[in-house]
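# Curious how this folds, go ahead:
(2 chains)
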Number of protein chains: 2
Amino acid sequence: MKLTKKIMLSENDMPKMWYNIMADMPNKPLPVLHPATKQPVTIDDLSPIFAKGLCEQEVSQERWIEIPDEVYNLYRIYRPTPLVRASGLEKALDTPAKIYFKNESVSPVGSHKLNSALPQAYFNKIEGTKHITTETGAGQWGSAMSIACKHFGLDLRVFMVKVSFEQKPFRRSIMNTYGATVFASPSSETEIGRKMQQQFPGTAGSLGMAISEAVEEAIKDPDTKYTLGSVLNHVMIHQSIIGLEAEKQMDIAGDYPDVVIACFGGGSNFGGIAMPFMRHNFVDGAKTRYIAAEPASCPKLSRGKFQYDFGDTEGYTPLIPMYTVGHEFEPASIHAGGLRYHGAGQIVSQLLKDGMIEVQDIPQLETFDAATLFARCEGIIPAPESSHAIAAAIREALKAKEEGKEKTILFNLSGHGLIDMVAYRQYMDGQLTNYEVPQAEIDKNLAKIAELQPK
Amino acid sequence: MKLTKKIMLSENDMPKMWYNIMADMPNKPLPVLHPATKQPVTIDDLSPIFAKGLCEQEVSQERWIEIPDEVYNLYRIYRPTPLVRASGLEKALDTPAKIYFKNESVSPVGSHKLNSALPQAYFNKIEGTKHITTETGAGQWGSAMSIACKHFGLDLRVFMVKVSFEQKPFRRSIMNTYGATVFASPSSETEIGRKMQQQFPGTAGSLGMAISEAVEEAIKDPDTKYTLGSVLNHVMIHQSIIGLEAEKQMDIAGDYPDVVIACFGGGSNFGGIAMPFMRHNFVDGAKTRYIAAEPASCPKLSRGKFQYDFGDTEGYTPLIPMYTVGHEFEPASIHAGGLRYHGAGQIVSQLLKDGMIEVQDIPQLETFDAATLFARCEGIIPAPESSHAIAAAIREALKAKEEGKEKTILFNLSGHGLIDMVAYRQYMDGQLTNYEVPQAEIDKNLAKIAELQPK
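Below is the predicted model:
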């Protein structure tokens, strides 16, 4: 009896270093700029907002970065995560493709977010930070930060995008159970929140707005630091543990991916699984393809522009060279709250520009079709975000069938959807729709950032 | 750096046999009786309702029962599950006790129930069953049967206790996503359901009623069989994989439990973790204690009576020799829906009678206090059912502290509570209460079953 369903990695083989693709990129990304001076930001510019250890990682050119013991030990609560051969899905699709997925849903909070929450809490703890603020979209990042802060004895205030706060009340309860304080964003807690409430009454909120609120609190108090769940380089570095483990597990399975797929919000889960493989494209001549699956309703990669833009709505952050639909873009209220973000991180943007990344934009209904098929074949109900990766993997597997080609597909199951059953119910009851973004909407928002570009 | 947080078992060491304590009990349990004749039931009596392979296990005296390959392969999707040293909880309690828990929450449906759902679907499949019916309380069993039936291509109708159907709408959505049909019980689908609706208008339902409905459908159609998620011997046999794995993992940790604890509904998760250890009490002179943690609002073990009683409300099932508060007992609407059951299985009842099991009855608020502490210390939000085991473990750990005694405690974390955030919200908002059952209520229900006893 051949048993290749789940490929585990022994704990002793869990990677001891994170990987930083900055070291291996042929074209380094453009620098992040200070919005006032348009000069590259320094660690000193960033350190009032972020823990210094994280600022150093943000600009690091080191290929390998050691995982601190305290973080490594906490990783061991749920890592290494399984690599799974999706044999049920393969059978249902009747495809010659082999489909593997990395199952990050087994973490106690149900997603990959803990991989970065733990080191972010850790570096803040050892530097004496007292209070942490953060934003959360779907609530996955907020949940992860909540328990990470509890592990290290830090208190946490979470600004949760209003539409998710309402659609996903249980995420809030999870954060509260872990001891965090949660506000619907835009809130009345901050200046920018109050301003947004006035300016856009009844707004659904966005990750950009929530970031502005959380950053404002960090700027105003030296004992408070801000943490971000995606977009930034140090987050992607932490997430590289996903791909590093997957690489070892693919090796155990005697296989190597022709295509690596992940959903795309700010880029950290995508980068986390893709970069350790992409390294071999740069260094060893591997020909693996990389597909970022983004929601059709927030098409920064497929229809946005490579520009300097703010990471938040209000313009508190430095200017990041990114694919963006403009920092004032207000994404539709799709259920994949974690993907409702206007821009892509600095590194992934450069790699997309250099042709290393392909993009698939996926309408909401297709993601739920894919999710339901996956649930019935593989037993796991996926998060709406991860369902974008599943949908893209299904597209690839069906293409392989059409072309009669064997192909090895690897995708990241970034989280489970057990907290998202409201969305599944609406889908089953025929209440969900697709959202098409008018080009004029994108153009309008991009026009606004033209003046931000350095001369 | 000493790493003893999570003890994994290699897949090759996963047990290949289930354990059946019937073979090692000094006093065998009294026989299950046919209600009309008061004679012991035979496999022929049971097989119109249950798959024959399961009926054979139900009465088996064999010590070891082979796990079929098809089931073993599906177990490998999520098993072996981790054994975890609850070092965070130990520290918070400042106890000399060592606390371990077996983490069954990592299964795709979030609980131990899949351990029995898979073999139950399997034996039905190979015997040609077309349709399956079942009941579910909290929805954990129904979710597990839904995906198990999908794996084996069987259709499933689930009768879900009405209070859980309303308190836990997402469980229903999960079952629907897996392809099952779900009814609030008492429903209008069955004779008994309609009768119950008339007799007890506005009833919250109970596991007993839901069982009656599901059994009725199996009795009426030869292509339909019924499956039960607890109480019966074959279910406990399937769950023995929990304890068998834990035994190997405790051995890896260089430890052995002085106390084994689990929550108690019908007895299968309790028996599943306890029996493989209890064997050593019988065979090798081990002195381990076993604690069943039941809700104070449904105190069959602590305040019920050892009597013959029906397994369901209507009296469709055989008479089981059990600790019971009477099959017409209607438990309060606590959030631990999986523990709202009037009786205990045949084997665990005999073992309780023989003094092998201790009982702790736990008020609802204490279970949520324990759950919240556990969540903050260990990062996992537990199911309300499992929180009874955590509360009992905390009592034992605090007793050890009081007495200044070292002690090794092992409990079963039967499931996570990510679908139960409504309950946590109510708890945090001060809306939950304890329920005290008046003795007169228990006496009244016990009086009704006096006439069922054999002469």
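# With chain B in mind, check whether the helix or strand of chain A with the lowest mean pLDDT reaches it.
Every helix and strand of chain A was ranked by mean pLDDT, DSSP states H and E. The lowest is helix A:162-167, at a mean of 87. No: interface with chain B: helix A:162-167 contributes nothing (C-beta under 8 Å from any C-beta of the partner chain), its closest point being 12.7 Å away. Just so you know, the C-beta spots here come from the backbone N, C-alpha and C atoms, and that holds for glycine as well.
# List the buried residues of that helix.
A:162-165, A:167 (16 or more other C-beta atoms under 10 Å in any protein chain shown).
# ok, of the residues you listed, which one's closest to residue B:11?
Nearest to residue B:11, judged by C-beta to C-beta, of those is residue A:164 at 37.6 Å.
# burial of residue A:48, as a residue count?
13 (other C-beta atoms under 10 Å in any protein chain shown).
# ok, how many other residues are close to whichever residue of the stretch 151-300 of chain A sits closest to chain B?
Using C-beta to the nearest C-beta, residue A:170 is the residue of the stretch 151-300 of chain A that sits closest to chain B, at 3.5 Å. The tally of other residues near residue A:170 (other C-beta under 10 Å) stands at 23.
# Residue A:301 now?
Residue A:301 has 25 neighbouring residues, counting by other C-beta under 10 Å.
# Start and end of stretch A:254-271, how far apart?
Using C-alpha to C-alpha, to the nearest Å, the span of stretch A:254-271 from its first residue to its last is 23 Å.
# Kindly report the same for stretch A:326-343.
With C-alpha to C-alpha as the measure, stretch A:326-343 spans 7 Å from end to end.
# any residue of it up close to chain B?
No: Stretch A:326-343 does not reach chain B (C-beta under 8 Å from any C-beta); its nearest approach is 12.9 Å.
# Which positions in that stretch come out as buried?
Neighbour counts over stretch A:326-343 (16+ other C-beta under 10 Å) mark A:326-343 as buried.
# With stretch A:40-47 instead?
Within stretch A:40-47, the residues scored as buried using 16+ other C-beta under 10 Å are A:41, A:45-47.
# Please tabulate these in TSV, including the columns secondary structure, pLDDT and distance to residue A:24.
Below are the buried residues of stretch A:40-47 laid out as TSV (DSSP: H, G, I helix; E, B strand; the rest coil; pLDDT from 0 to 100; distance: C-beta to C-beta, whole Å):
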residue	secondary structure	pLDDT	distance to residue A:24
A:41	coil	94	23
A:45	helix	92	26
A:46	helix	93	23
A:47	coil	92	27
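# circling back: may I ask which two of the buried residues of helix A:162-167 are separated the most?
Farthest-apart pair in these is A:162 and A:167; separation 9.5 Å (C-beta to C-beta).
# number of nearby residues for the closest residue to residue A:327 other than its chain neighbours?
Nearest non-adjacent residue to residue A:327, counting by C-beta to C-beta, 6 or more residues apart in numbering or on different chains: residue A:310, 4.4 Å away. Look at residue A:310: counted by other C-beta under 10 Å, it has 25 neighbours.
# Next one, pLDDT for residue A:310 please.
Looking at residue A:310, its pLDDT stands at 96.
# same thing with residue A:170?
89.
# Could you tell me the single residue of the stretch 251-400 of chain A that sits nearest to chain B?
Closest residue of the stretch 251-400 of chain A to chain B, C-beta to the nearest C-beta: residue A:379 (4.1 Å).
# For the stretch 51-200 of chain A, what lies in contact range of chain B?
Contact residues (C-beta under 8 Å from any C-beta) of the stretch 51-200 of chain A with chain B: A:69, A:73, A:76-77, A:84, A:88, A:106, A:108-110, A:147, A:150-151, A:169-170, A:173-174, A:176-179.
# Mind checking which of those residues are buried?
Applying 16+ other C-beta under 10 Å to those flags A:73, A:76-77, A:84, A:88, A:106, A:108-110, A:147, A:150-151, A:170, A:173-174, A:176-178 as buried.
# Give me the subset of those that lies in strands.
Using DSSP state E, the subset of those located in strands is residue A:84.
# CA atoms only: put stretch A:73-93 into PDB for me.
The C-alpha trace of stretch A:73-93 is given here as PDB (Å, rounded to 0.1, in the frame of the first residue of the first chain):
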ATOM      1  CA  ASN A  73      10.200  26.900  20.400                       C
ATOM      2  CA  LEU A  74       6.800  28.500  19.800                       C
ATOM      3  CA  TYR A  75       6.900  27.500  16.100                       C
ATOM      4  CA  ARG A  76       7.200  24.000  17.400                       C
ATOM      5  CA  ILE A  77       3.700  24.100  18.900                       C
ATOM      6  CA  TYR A  78       2.300  23.700  15.300                       C
ATOM      7  CA  ARG A  79       5.200  23.400  13.000                       C
ATOM      8  CA  PRO A  80       6.400  21.700  10.800                       C
ATOM      9  CA  THR A  81       3.000  21.800   9.000                       C
ATOM     10  CA  PRO A  82       2.000  19.000   6.700                       C
ATOM     11  CA  LEU A  83       2.500  18.900   3.000                       C
ATOM     12  CA  VAL A  84      -0.500  17.100   1.500                       C
ATOM     13  CA  ARG A  85      -1.000  15.400  -1.800                       C
ATOM     14  CA  ALA A  86      -4.500  16.500  -2.900                       C
ATOM     15  CA  SER A  87      -5.300  13.100  -4.400                       C
ATOM     16  CA  GLY A  88      -9.000  13.600  -3.900                       C
ATOM     17  CA  LEU A  89      -9.000  16.800  -5.900                       C
ATOM     18  CA  GLU A  90      -6.800  15.300  -8.600                       C
ATOM     19  CA  LYS A  91      -9.300  12.500  -9.000                       C
ATOM     20  CA  ALA A  92     -12.300  14.900  -9.100                       C
ATOM     21  CA  LEU A  93     -10.600  17.000 -11.800                       C
END
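# so what secondary structure elements neighbour the helix or strand in which residue A:402 is found?
Element membership of residue A:402, judged by DSSP states H and E, is helix A:384-403. Here helix A:384-403 touches helix A:87-93, strand A:97-103, strand A:259-263, strand A:289-295, strand A:358-362, helix A:364-378, strand A:407-413, going by 3 or more C-beta pairs under 8 Å, 6 or more residues apart in numbering or on different chains; DSSP states H and E.
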